[in-house]
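Undergrad: Prediction below, plus the sequence it came from.
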Amino acid sequence: MSKNKMPILLIVDDEPALRLLLNQFFQKNFTIVTLEGGFACLKYLEEKDEPQVLIIDLNMPDMSGVEVIKKIRSNSKWDKLAILVLSSAESSKDRINCLNSGADDFVIKPFNPEELNARINAILRRIR
């Protein structure tokens, strides 16, 4: 990624309103790509520019967020992709499962967009 090019933020969630909200909030600092489900996410990663950050929901109709995370982490091509789970699942078991599967962070809905931005920036600092 060149220094002048904004990082790519991939948002995968089956809720259109949430995709729109995140797009509006992050569009000043990222090139945004929004998708509805896990299969579309994996296809995008195979075919397009690699995003720097993925925000993914756990509960989607076609494939769970955990399944997507495991598939991403099993491919060394996507080693540097930062993964942040954004979900209404509040159980400690869900959070632990996501983190053990390869997610870098977990944020519970409803969320504060400023906190989400701070967490993304912290992950990006560690990766760079």
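TA: Yes, it's here. Numbering: from 1, shown residues only.

Undergrad: quick one: low-confidence ranges for the protein?
TA: For the chain, the stretches with pLDDT under 70 are 1-4.

Undergrad: And the strands in it?
TA: 8-12, 31-35, 53-56, 82-87, 105-108 (DSSP state E).

Undergrad: Show me what the fourth one is in contact with.
TA: Outside of strand 82-87, the residues within contact range by Cβ atoms under 8 Å, 6 or more residues apart in numbering are 13, 18, 52-59, 65, 69, 72, 94, 98, 102-109, 111, 116, 119-120, 123-124, 127. C-beta: built from backbone N, CA, C; applies to glycine.

Undergrad: make it 7 Å
TA: Contacts to strand 82-87, defined as Cβ atoms under 7 Å, 6 or more residues apart in numbering, come from residues 52-59, 65, 69, 72, 98, 102-109, 111, 119-120, 123-124, 127.

Undergrad: Now it: buried residues?
TA: Applying a neighbour-count criterion of 16 or more other Cβ atoms under 10 Å, the buried positions in strand 82-87 are 82-87.

Undergrad: and the residue nearest to D13 when sequence neighbours are not counted, what is it in contact with?
TA: Residue nearest to D13 in three dimensions, not counting chain neighbours: D57, with 4.2 Å by Cβ to Cβ, 6 or more residues apart in numbering. D57 makes contacts with 12-14, 65, 86-87, as judged by Cβ under 7 Å, 6+ apart.

Undergrad: Give the bridge partners for the residue most central in space within the chain, please.
TA: The centre of the chain sits closest to I55, judged by Cα atoms, centre = their mean, with a distance of 1.8 Å. On DSSP bridges, the residues paired with I55 through beta bridges are I11, L84.

Undergrad: From what I see, it and I8 are in contact.
TA: No. Contact criterion Cβ atoms under 7 Å: I55 and I8 do not qualify, at 11.6 Å.

Undergrad: can you map out the helices along this structure?
TA: Secondary structure of the chain (DSSP state H): helices located at 16-26, 38-47, 65-73, 92-101, 113-127.

Undergrad: highest average neighbour count across these?
TA: By mean neighbour count, with neighbours taken as mean count of other Cβ atoms under 10 Å, helix 65-73 ranks first of these at a mean of 21.
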